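K.L.:
Output the structure for:
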Amino acid sequence: MTIESEHQLDRLKEIGSVVRSALDAMSREVRPGITTAELDAIGARILERAGARSAPAVEYGFPASICISVNDQVVHGLPGDRKVARGDLVKLDVTAEKGGYLADAAITVSVPPVDPEHLRLAACAERAFRRAMGVARAGQAIRRIGRAVEQEVRRSGFSVIKELSGHGIGRAIHEPPSVPNYHARHLRQKLHPGLVITVEPTVSMGSGKIVEDRDGWTIRTADGAMASHHEHTLVITRGAPILLTAA
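P.N.:
Below you'll find the model as predicted:
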């Protein structure tokens with residue numbers, strides 16, 4: 001969506017704050033022995049208390065509240081009886097709706113003791129996001145975001161998962177435009193003031209190829225390589241973007 005009033009911005013900031021609160025609450029509880037279903041319940045309680053709903057459950061029938069992906073699982077992980085273990089990389093991805101407005105964010109939580117290369121992978125995804133923020137300005141071509149992400153990921157020796165991308169958001173989970181994580185030279189569209197999008201680098205230690213799991217939801221790396229995910233919802237301005245889901 002494109003924001004056209006202060007009221008809309010306020011509503012988006014409100015749901016962005018709820019998403020952030022859910023991520024914070026879950027990340028504090030990530031530890032060996034806790035199940036992904038238990039983490040999901042923590043996030044669900046935060047949403048319920050705020051009067052918000054899980055957008056994937058509402059729009060797509062996702063059978064849980066929060067997407068929780070571990071290790072080679074990249075996105076859309078289905079919570080269940082899997083127990084978090086030492087050394088895991090746990091991706092928490094919250095997309096929530098309140099009053100018809102949506103926000104989406106994801107973080108990667110490292111469970112000590114973590115392999116240094118896995119820590120470097122998680123740091124790379126976050127760093128790639130920050131690089132993208134440097135070019136996410138009104139008047140810039142959307143492809144510049146992907147170029148910034150891809151350059152940082154390649155510089156770090158990892159692979160961008162090209163089949164997954166950021167997207168427009170606001171009134172639905174997935175709205176135009178698509179925001180690729182690589183330099184999509186064919187994209188001519190430019191960012192404009194008030195545009196609400198997600199930027200979400202997904203990074204792999206392997207080839208970057210993905211497959212859908214047998215549960216019909218979870219996306220994992222085809223080669224079993226570790227993956228990381230970092231995402232925020234933001235509003236494009238002529239200066240630095242407004243991060244709706246940041247602390």
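K.L.:
Report the mean confidence score over stretch 193-213.
P.N.:
The average pLDDT within stretch 193-213 is 98.
K.L.:
Same check on stretch 66-73?
P.N.:
Per-residue pLDDT over stretch 66-73 has a mean of 98.
K.L.:
what about that stretch, start to end distance?
P.N.:
For stretch 66-73, the first-to-last residue distance is 14 Å (C-alpha to C-alpha, to the nearest Å).
K.L.:
now swap in stretch 133-142 and tell me
P.N.:
For stretch 133-142, the first-to-last residue distance is 12 Å (C-alpha to C-alpha).
K.L.:
got it, and stretch 102-122?
P.N.:
Taking C-alpha to C-alpha, stretch 102-122 runs 25 Å from one end to the other.
K.L.:
chain center to that stretch: distance?
P.N.:
When distances are taken as C-alpha atoms, centre = their mean, to the nearest Å, stretch 102-122 is centred 12 Å away from the chain's centroid.
K.L.:
Stretch 114-123 now?
P.N.:
That offset, for stretch 114-123, works out to 18 Å (C-alpha atoms, centre = their mean).
K.L.:
Now do the buried residues in stretch 189-201.
P.N.:
Judged by neighbour count (16 or more other C-beta atoms under 10 Å), stretch 189-201 contains these buried residues: 190-191, 194-201. Backbone N, C-alpha and C define where each C-beta goes, glycine included.
K.L.:
Likewise for stretch 104-120?
P.N.:
104-111, 114, 118-120.
K.L.:
What average pLDDT does that stretch get?
P.N.:
Stretch 104-120 shows a mean pLDDT of 97.
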